[in-house]
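S.K.: Sequence and predicted model, in that order:
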Amino acid sequence: MNRARLAAFAAAVTTALPAAAAGRITFQALPPKNQRFQVLAPVFNHPRLSTIATTVGQEIVLPRDLAVVAAECGAVNALYDPQRHRVVLCYELAGFFGIMFENKPNVDRGKALDYALNGMTFTLLHELGHAIIGELDLGVTGGEEDAVDDFATLLLLDAKLAGLAADGAEAMLDLGQLSRGQVVYSDEHSFSPQRFYNVLCMIYGSDPPAMKSLVDRGFLPPARAVRCPDEYRRKRKAWDAMIGPHRRPH
């Protein structure tokens, strides 16, 4: 076979490869070196996180592979690294969520790891939202941080996990404690209470009759709740429009 035919054959084979062969999302939890993080290993080894990463990669066509790595970072953080095409989840952040839960009144402290897992689930989806925007070079109107909070919430609602989304909203509220009372208006994130209410609004707006207790129990003010069904509809429409062209065919 001459060189021209070989090149044509290679191109044909590449074109014929199934879509799943490109743009995978992988998940790896590196074992913690610091002994105080050993207790958090079940959070990152929980199959939920790896399943989410794999499933998002199966649903959306990315131009290249994306790695999700859980590791010690030296700071309470999680991030999307566009240069290395990866998402990093920090043990320190999971530990922070666990400590915040244990300090809440009238909670079962034995469930701190569950709360940390729920907070990291929301965080993973949030960072995957950043990664999808970055890897696909999508345009976003408004703040990207708010948009990826919406992305995380929408996916959890699609999975019928409204309670987990509510825990994610509370975890975002917890993050406000990292500022130690300082107000940084230049930060790209909305204030933590705003993030909390925005997520609760989407949960309520997705099904007002089923989520009526959010208003009845005082978590969501009625004046905001009345606008939530339309907010939810518009945000879902926006994300569907952005990622619709990049969904894998089924």
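M.R.: Here it is on my side, so go on. Residues are numbered from 1 along each chain as shown.
S.K.: could you pull out the strands for the chain?
M.R.: Along the chain, the segments classed as strands by DSSP state E run 25-29, 66-71, 78-81, 86-90.
S.K.: partners of the first one, with directions?
M.R.: Next to strand 25-29 in the sheet, as set by DSSP bridges, lie strand 66-71 (parallel).
S.K.: Go ahead and measure how far the partner strand is from the middle of the chain.
M.R.: Distance of strand 66-71 from its chain centroid, counting by Cα atoms, centre = their mean, to the nearest Å, is 13 Å.
S.K.: contacting residues around the residue lying closest to Cys90 once chain neighbours are set aside?
M.R.: Closest residue in space to Cys90, ignoring its immediate chain neighbours: Cys73 at 3.8 Å, by Cβ to Cβ, 6 or more residues apart in numbering. (C-beta placed from N, C-alpha, C; glycine too.) Neighbouring residues of Cys73 by Cβ atoms under 8 Å, 6 or more residues apart in numbering: 88, 90-92.
S.K.: Narrow those to those that are buried.
M.R.: 88, 90-92 (16 or more other Cβ atoms under 10 Å).
S.K.: which residues touch the residue positioned nearest the centre of the chain?
M.R.: By Cα atoms, centre = their mean, the mean C-alpha position of the chain lies nearest to Leu125, the distance being 1.5 Å. By Cβ under 8 Å, 6+ apart, the contact set of Leu125 is 52, 56, 148, 151-152, 155-156.
S.K.: which two in those residues are spaced the farthest apart?
M.R.: Based on Cβ to Cβ, the longest span within these runs between Ile52 and Val148 and measures 14.1 Å.
S.K.: And the residue nearest to Met211 when sequence neighbours are not counted, how far from Ala41?
M.R.: Leaving out its chain neighbours, the residue that sits closest to Met211 by Cβ to Cβ, 6+ apart is Tyr204, at 4.4 Å. Distance, Tyr204 to Ala41, using Cβ to Cβ, to the nearest Å: 35 Å.
S.K.: ok, Gly134 touching Tyr80?
M.R.: Yes - Gly134 is within contact range of Tyr80, at 6.2 Å (criterion: Cβ atoms under 8 Å).
S.K.: now the helices: where do they sit in this structure?
M.R.: 3-16, 41-45, 47-59, 91-102, 112-136, 144-158, 162-174, 192-206, 213-216, 222-225, 228-243 (DSSP state H).
S.K.: What angle do strand 25-29 and the third one make with each other?
M.R.: Orientation of helix 47-59 against strand 25-29 (axes from the mean of the first three to the mean of the last three Cα atoms, to 10 degrees) gives an angle of 160 degrees.
S.K.: Please save the CA atoms from helix 47-59 in PDB.
M.R.: Coordinates of the C-alpha atoms in helix 47-59 are reproduced here as PDB (Å, rounded to 0.1, in the frame of the first residue of the first chain):
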ATOM      1  CA  PRO A  47     -18.100   5.500  43.400                       C
ATOM      2  CA  ARG A  48     -20.400   8.500  43.100                       C
ATOM      3  CA  LEU A  49     -17.600  10.800  42.200                       C
ATOM      4  CA  SER A  50     -15.900   8.600  39.600                       C
ATOM      5  CA  THR A  51     -19.400   7.700  38.100                       C
ATOM      6  CA  ILE A  52     -20.200  11.400  37.700                       C
ATOM      7  CA  ALA A  53     -16.900  12.100  35.900                       C
ATOM      8  CA  THR A  54     -17.400   9.100  33.600                       C
ATOM      9  CA  THR A  55     -21.000   9.900  32.900                       C
ATOM     10  CA  VAL A  56     -20.400  13.500  32.000                       C
ATOM     11  CA  GLY A  57     -17.700  12.400  29.600                       C
ATOM     12  CA  GLN A  58     -20.100   9.900  28.000                       C
ATOM     13  CA  GLU A  59     -22.700  12.600  27.500                       C
END
